[in-house]
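> Build me a model from this:
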Amino acid sequence: MKHLLSKLINLLLVASIGFVLSGCVSTRLPMANSSPWAEVSLATDANPLDLSFIDDEHGFLVGTNRLILETTDLGKTWEERSLELPEGENFRLISIDFQGDEGWIAGQPGLVLHTNDAGKNWTRLLLGAQLPGDPFLIAATGSDSAELATTAGALYQTHDGGVNWEARVNDAEGGVRDLRRSRDGRYVSVSSLGNFFATLDLEQNAWVPHQRASSKRVQSMGYQPNGELWMLSQGAEIRLNDISGNVESWKKPIIPITNGYNYLDMAWDGQGAIWAAGGNGTLLVSTDGGDSWEVDPVGDSQPTNLLRVIFDNSTQNQPKGFVLGERGHLLRWVG
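Residues are numbered from 1 along each chain as shown. Next up is the predicted model:
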């Protein structure tokens, strides 16, 4: 009898502990009544990685397996384009940026392309054999001018259409897993192991390293609309800068939902709502600065990891937004 009573008590204890622990994390969020996103059919299994628009309607999307697509109707439909690249090399087109009709593509391994005619023709530029790392991010900065960042944290500038490149930083800061550029030319990068991040301001010629906000490894970082930083860490943590201008001061972590998947990217739409995307179709939205969140129903139906959220709020008449997912999945902002 005592043995049976002891087993019953143990079972009740295990059940009560499980109930208490299950209440420590949020595993469910309300589903939004509607979605501002629509699925776009892409005839590819490649991963879209970046996109950029020339004007309100015309743009390009790039990705893995030499993927380059063109749209002339604000991203409703996309058509495949080809590049004159060696057939034997499987290029990963990772970054694209336009300023007017002039555009740039950065790819791996060792690829930079340039166009002056809105993407009708692309010229491959020769990079030095001693370039540290592979191209990772490219930004158009003016006529015949661009900045190129690499996987080693090196940063180069050109002002003659890519014929010559000069280093902006004295030393590369080491391997990076994520690297972003603000609209005014500042940079933030996350180390390859996610154990620290580094910043580079306009007048600086060397990366400044910073400690991460917690023991959780950093997944990605970027800039809020106000110019302050955001941080995504493992364990599905979201952090926002606490004090303006202090990149080492962070608010308490926001953990909207714990479903076993990390967030991979964040962005703010034109109305100020925050969007967080991640594994297994995770797409969440907050309209109150991160205090409460909802699950987006269109994102939730995507059988893929959502890699990037990109908004272009430069034109109020034609706001553009896209969510890029693995295996050819793309969502388009319809408001």
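> quick one: contacts for Lys216?
With contact taken as Cβ atoms under 8 Å, 6 or more residues apart in numbering, Lys216 is in contact with 233-235, 237. The way it works is simple: take the backbone N, C-alpha and C, and place the C-beta from them, glycine included.
> what about the strands in the stretch 1-150 of the chain?
37-41, 48-53, 59-63, 68-71, 79-80, 92-99, 102-108, 111-115, 123-124, 135-142, 145-150 (DSSP state E, counting those that start in this stretch).
> Can you tell me the strand partners of the fourth one and which way each runs?
In the sheet containing strand 68-71, the strands it pairs with under DSSP bridges are strand 59-63 (antiparallel), strand 79-80 (antiparallel).
> What lies in contact with the shortest one?
With contacts defined as Cβ under 8 Å, 6+ apart, strand 79-80 is touched by 43-44, 68-71.
> how does it look with 7 Å?
Contact partners of strand 79-80, identified using Cβ atoms under 7 Å, 6 or more residues apart in numbering, comprise 69-70.
> just stretch 186-196 next, same as before
Stretch 186-196 has contacts (Cβ under 7 Å, 6+ apart) with 149, 153, 173-181, 197-202, 209-212, 217-222, 229.
> In a strand, Val298, correct?
No - counting by DSSP: H, G, I helix; E, B strand; the rest coil, one finds Val298 to be helix, located in no strand.
> residues near the nearest residue to Leu74 once chain neighbours are set aside, how many?
Distances taken as Cβ to Cβ, 6 or more residues apart in numbering put Glu57 closest to Leu74, at 5.2 Å, once the chain neighbours are dropped. Counted with other Cβ atoms under 10 Å, residues neighbouring Glu57 total 14.
> Kindly report the same for His210.
Count around His210 with other Cβ under 10 Å applied: 14.
> Over to Asp291?
Using other Cβ under 10 Å, Asp291 has 9 other residues around it.
> can you check the one 4 residues further on too?
Burial of Val295, expressed as a neighbour count using other Cβ under 10 Å, amounts to 20.
> swap in Ile257?
When neighbours are counted by other Cβ under 10 Å, Ile257 registers 19.
> Might one say that it is in contact with Leu29?
Yes - Ile257 is in contact with Leu29 according to Cβ atoms under 7 Å; the separation is 5.1 Å.
> Mind listing the shared neighbours of these two?
With Cβ under 7 Å, 6+ apart, Ile257 and Leu29 have common neighbours Leu284.
> could you dump the strands of the stretch 1-150 of the chain to CSV with mean neighbour count, distance to Asp160 and mean pLDDT?
Output for the strands of the stretch 1-150 of the chain, formatted as CSV (neighbours: other Cβ atoms under 10 Å; distance: least, Cβ to Cβ, whole Å; pLDDT from 0 to 100):
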stretch, mean neighbour count, distance to Asp160, mean pLDDT
strand 37-41, 16, 37, 97
strand 48-53, 22, 21, 97
strand 59-63, 25, 23, 98
strand 68-71, 20, 25, 98
strand 79-80, 10, 31, 97
strand 92-99, 22, 16, 97
strand 102-108, 24, 13, 98
strand 111-115, 22, 11, 97
strand 123-124, 14, 13, 96
strand 135-142, 20, 11, 97
strand 145-150, 23, 8, 97
